[in-house]
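Asker: Sequence first, predicted model second:
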Amino acid sequence: MDIIGISIIETGGQIFLRGQPHSARPPVDVAALHALLVQGGCGECAFDEDAISNAAQYCNTLQTPFVAQVAERRDAHIAVHIAADDMSAEVSITPAFGGKAPTLGDLIQALTESGVQFGIDDEALLLACEQTGASRIPIARGVLPEEGHNSIFEELVTQAADRSPKLDENGLIDYREHGTTKVVNAGTPLMRRIPATAGVEGRTVRGRSLPARPGHDEPFSTPLAGTQVASDDPNLLLASVTGQPVRVKAGVTVEPILHVGEVNMATGNVHFNGTVQIKGDVVQGMVVQASGDIVVGGMVDGGVLEAGGDIRIAGGVIAHAKVTARGSVNARFAQAVQIHADAVLALADMALDCELSALNQIIIGADTPGRGRLVGGTATAMMLVRVPLLGSAKGALTKMVLGANAGLTAQYAALEERIHKEKETEENLDKLAKQVAAAHDPKGMLPRIKASWHHAIQVWSQSLLERDALCQQIALALGARVEVGSGVSGSVDISIGSHTARLRQEFGAGAFSLDSEGNILFTDTEGLAVPAV
């Protein structure tokens, strides 16, 4: 439509109405001016409604010519939003009003001008171009660094002896008697080492590199007795002798095995660097010392056994014998003897008037619950004593001591001192790195200093993990228990930590433990708890 005396002028994207007074022109309203702008090709432009309203008034009242800007062409506007950590970028697009729509080139240019150069999503770019307007479209994403993996040691032999048994969530060692000794021959593959990885560096959307922390590359431990590294594969460990494989930190050793018929005056004492297997008995006064396991097919009748690993005795231990193992001890029964195990002490039948101690648990009568009993003597364990029958009305006083471990206390103190020194080393290296960096590293020392610093952090972090595990183990001692399968009779003293209960009455099946206030309670099989007095 045309309006007499009114014309449209466009310059530089700005839209003007030029008005000339004319007596023959009918009254002009806003709708008429809208229609004029649309007809003039300005329908998609950004209208200034206040200016259009004023222009309609000018048309009807002014007696002089006028020019008024009433609209403008606007190109689409692209805004790039980059996250504070530079790990993501988004775009917002304000649609065009009669101006230029965004193109793929415009988007790429906007990203480039904003510094975005990595992790751009091509599909998101195309999608953004197709939209008339959008707010904060994810358009680029950085990549976080992937930390390297530490060295992995993969065992290639089954049932290798493990001298470092693991604790479960209750602080107990999951001890299982295998009954036989695993034997490997020279040349048998024992363990494969999978080297640490360097990790994968990350990158921000601005293209800045994010270094990855490499994994701790741990070699095979040295020396590993009875083994050799394969000549054609530095990551494969082979047996070099025939013997018993034993899992150790970062490796496996192979202990030679000594076979003996019986240990008596004719054979003499046995001192052997490896595992000793005795087919018969160890008789009165004889000594057997082994750096590995000791396996006895008969009885220990007054002898002395000392093992760096486990001790397994098919028969009983009697006549004031002394048995000590850095691992676990397993025997048929014991009477008037001393037995100590750093892990688990397990007697299949009974213990009478013995001094028994284990840093984890004592298990009696698991195989013969009808006859299993602990009568007289002393039984000391960190976490658990389990027995069908405890004490005897006709026997002497039976003492139970749980929850105390001087070794753990000393280990914690030594670990605390080590952590303090490792933290000092880390702080000194960090300080040195900053000083060298501030001096612009004149001797090129900074990379080596940083590598040492990263290693110090790893060592210190590992020690902190060890301390956490040790604290958990010490805390678990508060949950130490005496579990009785059938009942208690006679005189029995039970000490848990610093608390002692002197039992002089019979109890049925149940468990003795500490409550939250430090009192020793007896809980029967129905869950009823009463003070242990």
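Answerer: Done, it's in. Being a predicted model, the structure only gives us computed values, none of them experimental.
Asker: Tell me who's in contact with Gly508.
Answerer: Applying C-beta atoms under 8 Å, 6 or more residues apart in numbering, we find Gly508 in contact with Ser486, Gly487, Val488, Asp524, Thr525. For glycine as for every other residue, the C-beta is placed from the backbone atoms N, C-alpha and C.
Asker: Please tabulate the residues you listed in JSON lines, including the columns pLDDT.
Answerer: As requested, the contacts of Gly508 are arranged in JSON lines below (pLDDT from 0 to 100):
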{"residue": "Ser486", "pLDDT": "92"}
{"residue": "Gly487", "pLDDT": "92"}
{"residue": "Val488", "pLDDT": "93"}
{"residue": "Asp524", "pLDDT": "91"}
{"residue": "Thr525", "pLDDT": "89"}
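Asker: Neighbour-wise, which one of those leads?
Answerer: For these, the largest number of neighbours (other C-beta atoms under 10 Å) sits with Val488, at 24 neighbours.
Asker: Which residues are in contact with it?
Answerer: Val488 touches Leu389, Leu390, Gly391, Leu503, Glu506, Phe507, Gly508, counting by C-beta under 8 Å, 6+ apart.
Asker: Top of those by number of neighbours, please.
Answerer: Leu390 (29 neighbours).
Asker: And the pLDDT at that one?
Answerer: Per-residue confidence (pLDDT) for Leu390: 94.
Asker: likewise the one 10 residues further on?
Answerer: At Met400, the predicted lDDT confidence score is 91.
Asker: just Leu36 next, same as before
Answerer: For Leu36, the pLDDT comes out at 89.
Asker: so it touches Gly5, yeah?
Answerer: No. Leu36 is beyond contact range of Gly5, at 11.6 Å (criterion: C-beta atoms under 8 Å).
Asker: Redo the contacts of Val488 as a markdown table? Include secondary structure.
Answerer: A markdown table is the format used below for the contacts of Val488 (DSSP: H, G, I helix; E, B strand; the rest coil):
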| residue | secondary structure |
| --- | --- |
| Leu389 | strand |
| Leu390 | strand |
| Gly391 | coil |
| Leu503 | strand |
| Glu506 | coil |
| Phe507 | strand |
| Gly508 | coil |
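Asker: and which of these is nearest to Leu470?
Answerer: Set against Leu470, the nearest of the contacts of Val488 by C-beta to C-beta is Leu390 (30.6 Å).
Asker: Nearest residue to the closest one in space, please, no chain neighbours.
Answerer: Spatial nearest neighbour of Leu390, chain neighbours left out: Val488 (4.6 Å); criterion: C-beta to C-beta, 6 or more residues apart in numbering.
Asker: what's across from that neighbour in the sheet?
Answerer: Leu390, Phe507 (DSSP bridges).
Asker: Once you drop chain neighbours, what's closest to Leu432?
Answerer: Distance criterion C-beta to C-beta, 6+ apart; nearest residue to Leu432, sequence neighbours excluded, is Ile449 at 5.7 Å.
Asker: Contacts for stretch 56-65 next, please.
Answerer: Contact with stretch 56-65 is made by 3, 5-6, 18-21, 25, 27-30, 32-33, 66, 68, as judged by C-beta under 8 Å, 6+ apart.
Asker: about what we covered before: which residues sit in contact with the residue nearest to Leu432?
Answerer: Ile449 makes contact with Leu429, Leu432, Ala433, Val436 under the criterion C-beta under 8 Å, 6+ apart.
Asker: hang on, it in a strand?
Answerer: No. Assigned with three-state DSSP, Ile449 falls outside any strand and is helix.
Asker: Distance of it relative to Glu517?
Answerer: Distance of Ile449 to Glu517, computed by C-beta to C-beta, to the nearest Å: 54 Å.
Asker: And Leu374, by the same measure?
Answerer: In terms of C-beta to C-beta, Leu374 sits 28 Å off from Glu517.
Asker: Who has more neighbours out of the two?
Answerer: Applying other C-beta under 10 Å to Leu374 and Glu517 shows that Leu374 carries more neighbours, namely 30 against 7.
Asker: picking that back up, inside strands: which ones of the contacts of stretch 56-65?
Answerer: Using DSSP state E, Ile6, Arg18, Gly19, Phe66, Ala68 are the members of these that sit in strands.
Asker: could you dump these to a markdown table with neighbour count and pLDDT?
Answerer: Formatted as a markdown table, these follow (neighbours: other C-beta atoms under 10 Å; pLDDT from 0 to 100):
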| residue | neighbour count | pLDDT |
| --- | --- | --- |
| Ile6 | 20 | 92 |
| Arg18 | 14 | 93 |
| Gly19 | 22 | 91 |
| Phe66 | 15 | 92 |
| Ala68 | 18 | 93 |
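Asker: Could you save the residues you listed as TSV and add columns showing distance to Pro95?
Answerer: Listed next are the ones in strands among the contacts of stretch 56-65 as TSV, based on distance: C-beta to C-beta, whole Å:
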residue	distance to Pro95
Ile6	29
Arg18	29
Gly19	31
Phe66	31
Ala68	25
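Asker: quick one: which of the residues you listed is nearest Val401?
Answerer: Ala68 (101.8 Å).
Asker: List the contacts of that closest one.
Answerer: By C-beta under 8 Å, 6+ apart, the contact list for Ala68 reads Phe16, Leu17, Gly19, Ala51, Asn54, Ala55, Tyr58.
Asker: so what's Ala290 closest to, chain neighbours aside?
Answerer: Val276 (4.4 Å).
Asker: quick one, which of Leu36 and Gly5 is more surrounded?
Answerer: Legend: neighbour count by other C-beta under 10 Å for Leu36 and Gly5, higher for Leu36 (20 against 16).
Asker: That one in helix, strand or coil?
Answerer: Three-state call for Leu36 (three-state DSSP): helix.
Asker: Could you pull up the contacting residues of it?
Answerer: When contacts are counted by C-beta under 8 Å, 6+ apart, Leu36 is found next to Met1, Asp2, Ile3, Ile6, Ile8, Leu17.
Asker: repeat for Ala480
Answerer: With contact taken as C-beta under 8 Å, 6+ apart, Ala480 is in contact with Ala381, Met382, Met383, Leu384, Leu402, Gly403, Ile496, Gly497, Ser513, Leu514.
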